[in-house]
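J.: would you be able to build a 3D model of this:
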Amino acid sequence: MKWVTEGRPHVDRCASAWFVRRFVDPRATFLFLRRGDPIPRGATPYDLPGARLGHRDGRVTFDALMEAHPQKDRALSKIAAIVRDIDLGEFRLPESRGLDALLYGILLAESDDLRVLETTALLFDALLRYFGDEARK
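T.: Alright, predicted model coming up:
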C-alpha cells in the first residue's frame, strides 16, 4: 500500500507511519506531498486536510488509525495519549517534552523524510516495549 502525507513529519505523521508498518502493512511505502499537491491514485492519505485518517473532535491521526485497525496492546493506548498530547500542544504527560525534543532533533538532523520515519520508528518501538514491560510490573 502507498500512504501519502505532508513532508517534514513530526509526531503524529511519524507515529502513524510507524503504526501502519508495525500493525497494518509491513511493506507500506510512504510518499510526501507539498500542501495542495494532488493525492496519487490508489494512495491512502493520512494527516492531510480532509483525509478520513486525520484529526477529528480533539483526536489525532494516530487515534483514527487505531480505531480503523484495533489492537489489543494496552501499551499502544499510552503511546496514543503521548502522541495526542504533543500534537495538540498540551504537554501534560511527563514523557511528552522529551519525546517532542527527540523527534524535532531527528527532523533537524535528517533532511530525508523517509529516513526520519525510519529513525523515529525506533523511538516508537522502544516506547511500545517500555510501556509493555511497565504493564507487567
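
J.: can you pull up the most central residue in the protein?
T.: Ala15 (1.8 Å; Cα atoms, centre = their mean).

J.: what about the residue nearest to Arg35 when sequence neighbours are not counted, neighbour count?
T.: Nearest non-adjacent residue to Arg35, counting by Cβ to Cβ, 6 or more residues apart in numbering: Glu6, 6.3 Å away. C-beta coordinates here come from the backbone N, C-alpha and C atoms, glycine included. For Glu6, the tally of surrounding residues (other Cβ atoms under 10 Å) stands at 18.

J.: re the thing from before, do I have it right that the residue nearest to the centre of the chain meets Phe124?
T.: Yes - if you go by Cβ atoms under 8 Å, Ala15 and Phe124 touch, sitting 5.9 Å apart.

J.: re the thing from before, wait, the residue nearest to Arg35 touches Leu33, no?
T.: Yes - using Cβ under 8 Å, Glu6 is in contact with Leu33, at 6.0 Å.

J.: who touches both of those two?
T.: Taking Cβ atoms under 8 Å, 6 or more residues apart in numbering as the criterion, Glu6 and Leu33 both touch Leu48.

J.: quick revisit: measure the residue nearest to the centre of the chain to Gly42 for me?
T.: 24 Å (Cβ to Cβ, to the nearest Å).

J.: where does Pro49 land in three-state SS?
T.: coil (DSSP: H, G, I helix; E, B strand; the rest coil).

J.: then Glu90?
T.: Going by three-state DSSP: Glu90 is coil.

J.: going along the chain, name the helices of this structure.
T.: Shown for the chain, the helices assigned by DSSP state H span residues 11-19, 61-68, 74-87, 96-109, 113-136.
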